[in-house]
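# pasting a predicted model and its sequence here:
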Amino acid sequence: MLQIFQTVEDELQENDQFSEGCWAALTKPTNEELQQVAQETGIDIDDLRAPLDDEERSRIEQEDDYVVVLVDIPSLDEKDRYVTIPLGIYMTKQLIVTVCLEETPVLKAFMNNRVKEFFTFKRTRFVFQILYRNATSYLRYLRIIDRKSEQIEEKLHISQKNKELIELLELEKSLVYFTTSLRSNETVLEKLLRTEKVKKYPEDEELLEDVIVENKQAIEMANIYSGILSGMMDAFASVISNNLNVVMKFLSTVTIVMSIPTMIASFYGMNFDNIPLGHSPFGFYIITACTLVITALVVLFFKKKNLF
């Protein structure tokens, strides 16, 4: 899908034609849309296709007529897992082009004109605003992951199943994706700060520095949450293993206790005449009483040893 936006008299409008100072947003673009944008803007079509590969690395490239900025943004996949996908930002001398595999809240806020001091013709500031929204999105997703891990932790206190541990593992994988992407984005941001091809005004440099600070904060939070999750998983894996040992110990003790009446009953099930109390009218009651006493003594012994 191709959408063209432009700020006219402080209002964001959607147009059908390319013009100077506009923003062309490509979301899940078709090959025809990519060719159209490449023809209208002079951007190489291979560069436009780069963000459509979800394994594409973050980088900044300076071409003759435009600058390519590729960063990773947080997203939810079809299974509601937290992942990262590439976002391509192309800054020419006339306009801005963005390319992404799917709709993202990072760009949706600009499309709905919910970002202060956003103007499509202020290209450098617009790029930095996108990067700032991306960094804050990571922070928001990290807080959600932290809340989810706390909810799972509460379930683990009363659960002996592996479901919660698997959920924690998924969250830990998400944090690994986030940390890797944030470090790659950090390299891009620092290179963007040093590059001279992107014209920066003093207020733009301050915004970019804010982006770098937010990105570093996100990296620190991801590392902290990852360490907490890893320790939590190890602790609760040990708890589940210990609970299993307790259950096995209890079952073994019950088996030993139940084997006593079974063994005595099997003796008196033999086809012999000379069995003690075999012909006594009170033999059954005496043997049953003795069996119960012996069983009770064994139970008391095991209880004293904390095996019950």
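Everything's here; your move.
# and residue 267, how many neighbours?
11 (other CB atoms under 10 Å). Where you see a C-beta, it was placed from the backbone N, CA and C, and this is true even at glycine.
# what do you get for residue 45?
Residue 45 sits with 12 neighbouring residues when counted by other CB under 10 Å.
# give me the element the closest residue to it other than its chain neighbours is part of.
Nearest residue to residue 45 in three dimensions, chain neighbours excluded: residue 38, at 4.2 Å (CB to CB, 6 or more residues apart in numbering). Per DSSP states H and E: residue 38 is located in helix 31-41.
# now the element after that helix, going C-ward?
Downstream of helix 31-41 (by DSSP H and E), the next one is helix 45-49.
# who touches that next one?
With CB atoms under 8 Å, 6 or more residues apart in numbering as the test, helix 45-49 has contacts from 26, 29, 34-35, 37-38, 61, 63, 68, 88, 90, 97, 99.
# go again with 6 Å.
34, 38, 68, 99 (CB atoms under 6 Å, 6 or more residues apart in numbering).
# would JSON lines of those with pLDDT be doable?
JSON lines is the format used below for the contacts of helix 45-49 (pLDDT from 0 to 100):
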{"residue": "34", "pLDDT": "87"}
{"residue": "38", "pLDDT": "86"}
{"residue": "68", "pLDDT": "88"}
{"residue": "99", "pLDDT": "90"}
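# just to revisit the earlier point, buried sites along the helix holding residue 38?
33, 34, 36, 37, 38, 41 (16 or more other CB atoms under 10 Å).
# cool, stretch 218-238 as well?
Going by neighbour count (16+ other CB under 10 Å), the buried part of stretch 218-238 is 218, 219, 221, 222, 225, 226, 228, 229, 232, 233, 236.
# likewise stretch 47-67?
47, 48, 49, 50, 51, 52, 56, 58, 60, 66, 67.
# need the nearest residue in space to the second one, chain neighbours excluded.
Spatially, and ignoring its direct neighbours in sequence, residue 48 is nearest to residue 34 (5.1 Å; CB to CB, 6+ apart).
# which pLDDT does the model give residue 161?
At residue 161, the model reports a pLDDT of 64.
# what's the closest non-adjacent residue to residue 27?
Leaving aside its sequence neighbours, residue 27 sits nearest to residue 1 (CB to CB, 6+ apart; 4.8 Å).
# how about the strands of the protein, start to end?
For the chain, the strands defined by DSSP state E occupy 2-8, 11-15, 23-27, 59-62, 66-76, 82-92, 96-100.
# among the ones you listed, which is nearest residue 284?
strand 82-92 (68.5 Å; CB to CB).
# could you check the pLDDT of residue 213?
Per-residue pLDDT puts residue 213 at 90.
# cool, and residue 87?
pLDDT, residue 87: 91.
# okay, and the beta partners of it?
residue 71, residue 100 (DSSP bridges).
# quick check: bridge partners of residue 59?
residue 70.
# domain ranges for the chain, per the record?
If you go by automatic domain parsing, the domain ranges for the chain are 2-241, 242-304.
# need the winner for burial among the ones you listed.
With neighbours defined as mean count of other CB atoms under 10 Å, the domains of the chain peak in mean count at domain 2-241, which reaches a mean of 17.
# could you pull out the helices for the chain?
31-41, 45-49, 105-111, 123-156, 163-194, 202-267, 283-304 (DSSP state H).
# right, and these - which one's nearest residue 79?
Nearest of these to residue 79, taken as CB to CB: helix 163-194 at 8.8 Å.
# the closest one vs helix 123-156, what angle?
Angle, helix 163-194 to helix 123-156, by axes from the mean of the first three to the mean of the last three CA atoms, to 10 degrees: 160 degrees.
# now for helix 163-194, which elements pack on it?
Judged by 3 or more CB pairs under 6 Å, 6 or more residues apart in numbering; DSSP states H and E, the packing partners of helix 163-194 are strand 59-62, strand 66-76, strand 82-92, helix 123-156, helix 202-267.
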